[in-house]
Each structure stands twice: as C-alpha cells, then as structure tokens.
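[1] Here is my input; please provide its structure:
(one chain, ligands or ions: 1)
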Amino acid sequence: MENLITIHVTDLEGTIHDILAPTDMGFNVMEAIRANELPIKATCGGMAMCATCNCIVKSEHDLPEMSEDEEAMLDEAFVLDLEGSRLMCQIPVSNTIDGLKIQMGELTGD
Ligand code: FES
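    Below you'll find the predicted structure:
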C-alpha cells in the first residue's frame, strides 16, 4: 500500500512481527513499534537519551549515519559493539527502510 512500509521485528521471545508503518507521519521506528502495541520501554520518548529502544539491525538497508549522541548512548549501555546495534528512535520511517529486519535489544524489555 502507498505510504506504508513493512518492518520485520523479532521480539525478545523470538517471535517475528511484521508491522506496517506509515512513511508520511514523521514516525521513527520506535514510534512505529509502539503504535503496533509491541512492548518497548523507550523511556526517554525518542531523545537518544536512554538506550531502551536498542535493536540489532539484521538486514542490509542503507540507514542514516549514527549521530554522536546515538553512538555515545549505545556505548554507555554496553551494546555498541554488538553487530548492527542502533537506537530505533534514531531511524526515521521512510521508503528506504521498507523490509527492514530488526531484533529488539535486551534493554527494551523489563
Ligand atoms: S527512546 Fe530513548 S534512546 Fe530511543
């Protein structure tokens, strides 16, 4: 469908959820996951200040470069060295990430 992309999200139990996310609402991936009612802490609400929206990117998509804030946050949370580790709130929902595969990070759960 136009203006909707699919993101494949593996939750902490290993279940895969194919969620639809609108590209025209200014959402980031964390917000898209929230809107689909998957449990995610995302304590800071998308400010790159908590790392509880961390994920591991499993597909080969061209993602925006990490900002210094994102890198520092992932580093502080000890997940920076995990392959493909990112903050979901720092990835905008756009057509370029259609089909993105992510694994929710340990810090997203309770
Ligand atoms: S929601 Fe806090 S860093 Fe993404």
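
[2] Could you list the contact residues of the chain toward the ligand?
    30, 42-53, 73, 87, 89 (Cβ under 6 Å from any ligand atom). In this view, the C-beta of every residue, glycine as well, is placed from N, C-alpha and C.

[3] can you rerun that using 8 Å?
    Applying Cβ under 8 Å from any ligand atom, one finds that the chain approaches the ligand through 30, 41-54, 70, 73, 87-90.

[4] How about the contacts made by the residue nearest the centre of the chain?
    Nearest to the geometric centre of the chain sits Met88, at 2.5 Å (Cα atoms, centre = their mean). Contact partners of Met88, counting by Cβ atoms under 8 Å, 6 or more residues apart in numbering, are 28-30, 33, 40, 42, 53-55, 102.

[5] at 7 Å what do you get?
    28-30, 33, 53, 55 (Cβ atoms under 7 Å, 6 or more residues apart in numbering).

[6] now do Leu107
    51-52, 54, 77, 79.

[7] redo that, cut-off 10 Å
    Leu107 sits next to 40-43, 50-55, 74, 77-79, 87 when contact means Cβ atoms under 10 Å, 6 or more residues apart in numbering.

[8] among those, who's most crowded?
    Leu87 (32 neighbours; other Cβ atoms under 10 Å).

[9] Compute the first-to-last residue distance for stretch 97-110.
    Stretch 97-110 has its terminal residues 27 Å apart, counting by Cα to Cα, to the nearest Å.

[10] Please spell out which residues along it are buried.
    By neighbour count with 16 or more other Cβ atoms under 10 Å, stretch 97-110 contains the buried residues 97, 100-105, 107-108.

[11] Helices along this protein, start to end?
    29-35, 68-76 (DSSP state H).

[12] just those helices: most buried one?
    When these are scored by mean count of other Cβ atoms under 10 Å, the highest mean neighbour count falls to helix 29-35 (a mean of 23).
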